[in-house]
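>>> Dropping the sequence and predicted coords here.
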Amino acid sequence: MVISDLPLTTSDLHTTKGGRRNSTLICAPIMAESVDEMLVQMRKANEAGADIVEIRLDYLKNFIPRQDLEILIKRSPLPAIVTYRPVWEGGQYDGNESKRQDALHLASEIGADYIDIELKVAHEFYNSIQLKKPGKAKIIVSSHNYQNTPSVEEIAELVARIQATGADIVKIATTALDITDSARMFQVLVHSHVPMIGLVMGEKGLISRILSPKFGGFLTFGSLEPGVVSAPGQPTIKELLDLYNFREIASDTKVHGVIGNPVSHSKSPHLYNAAFKSVGFDGIYLPLLVDSVEDFLTTYSSPDFVGYSYTTPHKEAGLNCSDEVDPIAKIIGAINCMIKRPTDGKLIGYNFDYIGAIAAIEEGLRALNRTANISGSPLAGKLLVVMGAGGAGKSLAYGGKEKGARVVVANRTLAKAKELASKVGGKAITLAELENFHPEDGMVLVNTTSVGMKPRCHATPIPKKALKHYSLVFDAIYSPKETRLLREAQESGVAVVYGTEMLINQGFEQFEKFTGLPAPKQLMRDVLARNT
Ligand code: NAP
């Protein structure tokens, strides 16, 4: 299929064959210093599943226009956009402007499918093209804003100015200062009457790149390798295709995600996207790097944004933004899951961390006491030391109390430990005191602080020598799976339970809330094992 055969609007989506539910192209930026390297990259882009390449002439050293363009355009295995980005628009080319535009005219003459020209010089380029031999190239007129994302009205006005140049395709790239910035781009994109590339650059703009098909974007960029990008925030082609099921995103696809800050380490997108796909559920799950939960929920209030997981530091803010909260989440004072109720759009908060973590610890204790005939919870009567007093700490402390454990809360900030301990009828100490804390043997220790989490894997919340007083250690951290705490516990002969168990158990509950379907448990376990 050639590019021009692909439908350009989302209304055509369901007419496409072969499982592809949108017409948005994946474009691989080709940035190399030599023509040969570019040819290698183009081949890789084709193999990786890209639809189109963007040849960035400004990256070439010793560019010989006619000779190099003939090779690059004629040998490209995919349709090509030829771009020669000048420094004044964020590119690498720092030479004579008319030579630059001559090279683009030449690319059109030689048979490039698309030429990218910057809005600032588009009129000049169009005037001169009348005098040259016409080519078949469609013209993309582009505008890049590396500072911010303007208002909807300003973006729409920019679209009109670009359209007025005679552009075949409008390209607007802005910069995300906040995740809500992408919403303004979506609003313009979905109403555009011309094919439009509308992307918001930077980590906080990732949602604009992945959801481009939902709002009818002409293309999105996918890099060949992580970090080797032509603009900040680009995912890889592999991530678009394998992690986000990009081809299956359509205008009615339901949006889910994990709200956190930071959030790029989260394995949840792997877990839920694979699970959604396996049961044929039309949903996508994204990492959502959110600064203000309230701003996020108010901005993305449309009925298609339907379900969220909550992680550090937003579990309490999530609860405060819920219209209704389930009784356990209310007692804990934090949520880890939120659903938009389809009947009335109300936001309902839940906390499944408690179920997931406690079940995993009980299982660990049962395995330890295989011979003992325990009826009821093996946590009953045990001394449970909870390190941390944030969202996960509250879940574990309340969960432990529910099961009849005696709870001690150890936290860096003693005031928070005291507050939580008073609610669960327990004792509060500082993290530092744990080194010499030894009221009895056979205690259960759980870590719910973020100490030891990637990238600071060398850190641990408790000295190794104190671990021998415990019968079991659980670490809520799942990235990495094997934390220093768990490694040192094993070295001290103590049983361990991994944070991945908590993640998977509460993941089953969330999946069922998101989809209304039973969780594909084995598949979710396999995905998690592959990604931790
Ligand atoms: P949170 O609400 O932000 O709480 C963070 C806790 O960590 C607080 O008690 C905080 O102490 C403590 N802390 C942070 N930095 C510290 C440091 N440098 N030294 C000592 N203590 C420090 O976060 P959360 O949502 O409870 O999550 C905490 C951890 O649990 C994260 O690693 C998260 O990934 C993990 N988690 C895992 C699962 C799972 O399914 N496995 C589920 C939920 C959470 P202060 O009060 O003194 O600030």
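In hand now; what should we look at? Numbering: from 1, shown residues only.
>>> quick one: terminal-to-terminal distance for stretch 55-63?
Taking CA to CA, to the nearest Å, the first and last residues of stretch 55-63 lie 13 Å apart.
>>> List the neighbours of that stretch that are in contact with it.
29-35, 38, 68, 72-73, 76, 80-86, 91-93, 103, 107, 230 (CB atoms under 8 Å, 6 or more residues apart in numbering). Placement of C-beta: from N, CA and C, glycine included.
>>> swap in stretch 365-381?
358, 361-362, 382, 400, 403-406, 444, 471-472, 495.
>>> Got a PyMOL select line for the buried ones in those residues?
Only the buried entries of the contacts of stretch 365-381 go into this PyMOL selection, using 16 or more other CB atoms under 10 Å:
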select buried, resi 358+361+362+382+400+403+405+406+444+471+472+495
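>>> mind checking the SS state of the spatially most central residue of the chain?
In the chain, the centroid-proximal residue (CA atoms, centre = their mean) is P287; its distance is 2.7 Å. Here P287 is recorded as strand under DSSP: H, G, I helix; E, B strand; the rest coil.
>>> May I have the phi/psi pair for the nearest residue to it once chain neighbours are set aside?
In space, and not counting its chain neighbours, P287 is closest to V263: 4.6 Å by CB to CB, 6 or more residues apart in numbering. Main-chain dihedrals, V263, degrees, to the nearest 10: phi -140, psi -10.
>>> Just confirm L485 is within a helix.
Yes. According to three-state DSSP, L485 belongs to a helix.
>>> so for the helix or strand harbouring K277, what's the average pLDDT?
For K277, the host element (DSSP states H and E) is helix 268-278. Mean pLDDT, computed over helix 268-278, is 97.
>>> which helices and strands does that helix pack with?
strand 254-260, strand 283-289, helix 499-515, helix 521-530 (3 or more CB pairs under 8 Å, 6 or more residues apart in numbering; DSSP states H and E).
>>> How about the longest one and the ligand, touching?
Yes. For a cut-off given as CB under 6 Å from any ligand atom, helix 499-515 has contacts with the ligand, namely 499, 502-503, 506.
>>> Name the member of those that has the highest neighbour count.
M502 (30 neighbours; other CB atoms under 10 Å).
>>> ok, that residue touching I477?
No. Using CB atoms under 8 Å, M502 is not in contact with I477; the gap is 9.7 Å.
>>> In contact with K346, which residues are there?
323-324, 340.
>>> Would you write a ChimeraX line that selects the buried entries of these?
In ChimeraX, this line selects whichever of the contacts of K346 come out buried by 16+ other CB under 10 Å:
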select :340
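>>> how about the contacts of K346 in a markdown table, adding secondary structure, pLDDT and distance to the ligand?
Rendered in a markdown table, the data for these read as follows (DSSP: H, G, I helix; E, B strand; the rest coil; pLDDT from 0 to 100; distance: CB to the nearest ligand atom, whole Å):
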| residue | secondary structure | pLDDT | distance to the ligand |
| --- | --- | --- | --- |
| D323 | coil | 98 | 22 |
| E324 | strand | 98 | 21 |
| K340 | strand | 98 | 22 |
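>>> Is the closest residue to the ligand within the stretch 51-200 of the chain in a helix, a strand, or coil?
Among residues of the stretch 51-200 of the chain, the one nearest the ligand by CB to the nearest ligand atom turns out to be I179. It sits 18.8 Å away. Here I179 takes the coil state, with states given by three-state DSSP.
>>> Flag every residue of the protein that's near the ligand.
311-313, 315, 353, 356, 388-393, 411-413, 416, 431, 448-451, 453, 476-478, 499, 502-503, 506.
>>> out of the residues you listed, which are inside helices?
Of those, the ones assigned to helices by DSSP state H are 315, 353, 356, 391-393, 416, 499, 502-503, 506.
>>> could I get the residues you listed as TSV with pLDDT?
Below are these laid out as TSV (pLDDT from 0 to 100):
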residue	pLDDT
K315	93
D353	87
G356	89
G391	82
A392	88
G393	93
K416	97
G499	95
M502	92
L503	88
Q506	94
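>>> Pick out the most distant pair among those.
Pairwise distances across these peak at 23.7 Å for K416 and L503 (criterion: CB to CB).
>>> Only the buried members of the contacts of stretch 55-63: can you turn that into a PyMOL selection?
Here is the PyMOL selection string for the buried members of the contacts of stretch 55-63, based on 16+ other CB under 10 Å:
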select buried, resi 29+30+31+32+35+38+68+72+73+76+80+81+82+83+84+85+86+91+93+103+107+230
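>>> In strands only, show me the contacts of stretch 55-63.
29-30, 80-83 (DSSP state E).
>>> Can you lay out the residues you listed as CSV showing pLDDT?
Below are those laid out as CSV (pLDDT from 0 to 100):
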residue, pLDDT
P29, 98
I30, 98
A80, 98
I81, 98
V82, 98
T83, 98
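>>> For the residue of the stretch 51-200 of the chain closest to the ligand, the count of nearby residues, please.
Neighbours of I179 (other CB under 10 Å): 27.
>>> again, but for K74
That count, for K74 with other CB under 10 Å as the rule, works out to 10.
>>> do the same with E47
E47, neighbours per other CB under 10 Å, totals 11.
>>> For it, what is the enclosing helix or strand?
helix 35-48.
>>> what angle do the first helix or strand past that helix going along the chain and helix 35-48 make?
Once helix 35-48 ends, the next helix or strand along the chain (criterion: DSSP H and E) is strand 52-56. Interaxial angle of strand 52-56 relative to helix 35-48 (axes from the mean of the first three to the mean of the last three CA atoms, to 10 degrees): 160 degrees.
>>> Now for whichever residue of the stretch 301-450 of the chain sits closest to the ligand: which residues touch it?
Nearest residue of the stretch 301-450 of the chain to the ligand, counting by CB to the nearest ligand atom: G390, 1.9 Å away. For G390, the contact set (CB under 8 Å, 6+ apart) comprises 312-313, 315, 334, 416, 448-449.
>>> Just the buried ones among those residues, please.
For those, buried by 16+ other CB under 10 Å: 315, 334, 416, 448-449.
>>> Please state the backbone phi and psi of the closest residue to S450 other than its chain neighbours?
Leaving aside its chain neighbours, S450 sits nearest to T312 (6.2 Å; criterion: CB to CB, 6+ apart). Per-residue torsions, T312: phi -50, psi 130 (degrees, to the nearest 10).
>>> so what pLDDT did T312 get?
88.
>>> for the stretch 301-450 of the chain, what are the low-confidence residue spans?
Applying pLDDT under 70 to the stretch 301-450 of the chain flags the ranges 371-374.
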